[in-house]
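In: Please find the sequence and the predicted model below.
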Amino acid sequence: MDQTMERAGNFLPRVDDNPTGGNAVDRRVVTLTAPASAAAEQYRSLYYRLERMRDLRPMKVVALTSAMPGEGKTVTSVNLALAAARANPERRILLVDADLRRGGVAATLGMRNKTGLAELLAGDCEVRDVVRRFNSTRLALIPAGVTPEDTAQVLASGRMKQFLKAVREGFDEVYIDLPPTLPFADAAILGHQADGVLMVIRANVTSGKAVHQAVESLGGAPIVGCVLNGAEVHSAPYLKNYEKK
């Protein structure tokens with residue numbers, strides 16, 4: 001897997017010439033749909049905060065999760081990975097949808113969720129069959145694929161460990177969209193194998209108790225910060241004032 005992953009990282013042999021498949025990119029992917037917006041600027045700021053952290057510690061693999069479903073972790077993962085790809089076009093950036101229960105990365109980007117990580121871990125295909133490049137960007141991505149019978153067992157398998165080892169060697173930055181933490185064991189399984197974990201929190205929705213429980217359930221995974229999602233724009237009025245000048 002190592003050699004094929006390295007080849008995928010360098011050349012991205014499987015390029016989806018029609019990535020949208022007739023579907024539009026989700027409007028919440030503001031790094032594409034509204035790159036000059038305050039929201040897009042926040043994703044860029046998040047990325048550069050991670051860059052500063054990388055100056056202090058190795059952090060090639062970053063995983064994103066949330067306490068519960070519906071908090072925006074997939075949209076955050078997509079926007080962050082796209083911000084990384086645009087900020088450093090010379091780097092090899094990979095976005096992996098590891099939410100095998102309810103993968104949403106492909107749909108968010110308007111792409112078809114055909115063969116993906118689930119089939120790769122099952123041994124049904126090769127890396128070149130699952131790695132795609134999004135449109136004209138340098139962002140490579142691996143969709144979730146078809147939900148397996150026992151997702152926790154698949155994610156805890158030796159194949160998954162081998163896969164993570166391979167992507168570390170084949171790419172410069174890897175972003176992984178994990179399932180929500182509280183309903184499933186999946187995030188705890190993979191969180192420990194990442195260099196850093198971001199917890200996405202929905203403003204005015206997620207309770208402090210739920211966040212605390214989610215952090216506890218990750219059991220010592222390297223949580224590097226939280227992302228407050230869905231906050232009101234007026235929380236940054238200085239940016240709106242600046243844009244008017």
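Out: That came through, no problem.
In: and Glu41, what helix or strand is that in?
Out: Following DSSP states H and E, one finds Glu41 within helix 38-54.
In: okay, that helix in PDB with CA atoms only?
Out: Taking Å, rounded to 0.1, in the frame of the first residue of the first chain, the C-alpha atoms of helix 38-54 are listed here in PDB:
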ATOM      1  CA  ALA A  38     -16.200  36.400   6.900                       C
ATOM      2  CA  ALA A  39     -16.900  32.700   7.300                       C
ATOM      3  CA  ALA A  40     -14.300  31.700   4.800                       C
ATOM      4  CA  GLU A  41     -11.800  34.000   6.600                       C
ATOM      5  CA  GLN A  42     -12.500  32.100   9.800                       C
ATOM      6  CA  TYR A  43     -11.600  28.800   8.200                       C
ATOM      7  CA  ARG A  44      -8.400  30.300   6.900                       C
ATOM      8  CA  SER A  45      -7.600  31.600  10.400                       C
ATOM      9  CA  LEU A  46      -8.200  28.100  11.800                       C
ATOM     10  CA  TYR A  47      -5.800  26.700   9.300                       C
ATOM     11  CA  TYR A  48      -3.000  29.100  10.100                       C
ATOM     12  CA  ARG A  49      -3.500  28.400  13.800                       C
ATOM     13  CA  LEU A  50      -2.800  24.800  13.000                       C
ATOM     14  CA  GLU A  51       0.300  25.900  11.100                       C
ATOM     15  CA  ARG A  52       1.600  27.700  14.200                       C
ATOM     16  CA  MET A  53       1.000  24.600  16.200                       C
ATOM     17  CA  ARG A  54       3.000  22.600  13.600                       C
END
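In: helices or strands up against that helix?
Out: Packing partners of helix 38-54 (3 or more CB pairs under 8 Å, 6 or more residues apart in numbering; DSSP states H and E): helix 30-33, helix 73-87, strand 223-229, helix 237-244. C-beta here means a position set from N, CA and C on the backbone, and glycine is covered the same way.
In: relative to strand 223-229, how tilted is that helix?
Out: 170 degrees (axes from the mean of the first three to the mean of the last three CA atoms, to 10 degrees).
In: The next helix or strand after helix 38-54: partners in the sheet, and parallel or antiparallel?
Out: Reading on from helix 38-54 to the C-terminus, the next helix or strand found by DSSP H and E is strand 61-66. Counting by DSSP bridges, the strands paired with strand 61-66 are strand 173-177 (parallel), strand 196-202 (parallel).
In: Cool, thanks, talk later.
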